[in-house]
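Engineer: sequence-free structure coming up:
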C-alpha cells in the first residue's frame, strides 16, 4: 500500500468518531506531497453545508487526536475544508450519492470516440464502470480509464441581480 494512502486511512479512522460527534461527515482524507511539502487534507460535509467556522472547529478538535496518535513521521500541513460545489468524486459512496447529478469525467487518454472528457448526468455506477448520459448519447466508461470525476455546478442557474 502506498505511503500516502495508508496514512490517510489511518487518520480517517482516528478522527471519524470525533467529526461525527461534532455533526459532520468526512467527505475525503488525503495525504499528498506537493512540491517539497506534505499536506494532510480532511474534507468535511454536512446537510447544512460547511463554512470556515466549521473547518476551524473540526481542526481544533482533531489536531490533538492526530498529535497524540502521531501517525505521520514527516512535517505536514493540516488542511480542513469543504468539498465545495464542484466536488471531486473518488470513493464508491461519492459516486452513489452523485447519481442524477451533472458531472465531468476526465480520461487518462482519448477513448475510441477520440474524447478525453465527458460532461453529463451520472446515471449509474458500479465498481467497474460509470455511466454518463449526455445530450447526444449514454456512455459506459471503465473506471480504469478515468483520471478524475467531479460534479459540475451550473453557475448560470443562479439568479444574479445587478445593482
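Structural biologist: Thanks, I have it. No experiment lies behind these values; they were computed from the predicted model shown.

Engineer: isn't there a strand covering residue 26?
Structural biologist: Yes: assessed by DSSP: H, G, I helix; E, B strand; the rest coil, residue 26 belongs to a strand.

Engineer: list the residues that contact residue 58.
Structural biologist: 19, 22, 24, 42, 44, 80 (Cβ atoms under 8 Å, 6 or more residues apart in numbering). Backbone N, C-alpha and C define where each C-beta goes, glycine included.

Engineer: and if we set it to 7 Å?
Structural biologist: Listed by Cβ atoms under 7 Å, 6 or more residues apart in numbering, the contact set of residue 58 reads 19, 22, 24, 44, 80.

Engineer: which ones among those lie within helices?
Structural biologist: Secondary structure assignment (DSSP state H) places residue 19 from these within helices.

Engineer: ok, the contacts of residue 58 vs residue 95, which is closest?
Structural biologist: Proximity to residue 95 was ranked across the contacts of residue 58 by Cβ to Cβ; first place goes to residue 44, at 19.0 Å.

Engineer: where does the chain have low pLDDT?
Structural biologist: Per-residue confidence of the chain (counting by pLDDT under 70) places the weak regions at 1-5, 159-163.

Engineer: please identify the helix or strand for the nearest residue to residue 77 once chain neighbours are set aside.
Structural biologist: In this structure, residue 77 finds its nearest non-sequential neighbour in residue 39, 5.1 Å apart by Cβ to Cβ, 6 or more residues apart in numbering. For residue 39, the element it lies in under DSSP states H and E is strand 37-45.

Engineer: give me the sheet partners of that strand and which way each runs.
Structural biologist: Strand pairing for strand 37-45, determined by DSSP bridges: strand 25-34 (antiparallel), strand 76-81 (parallel).
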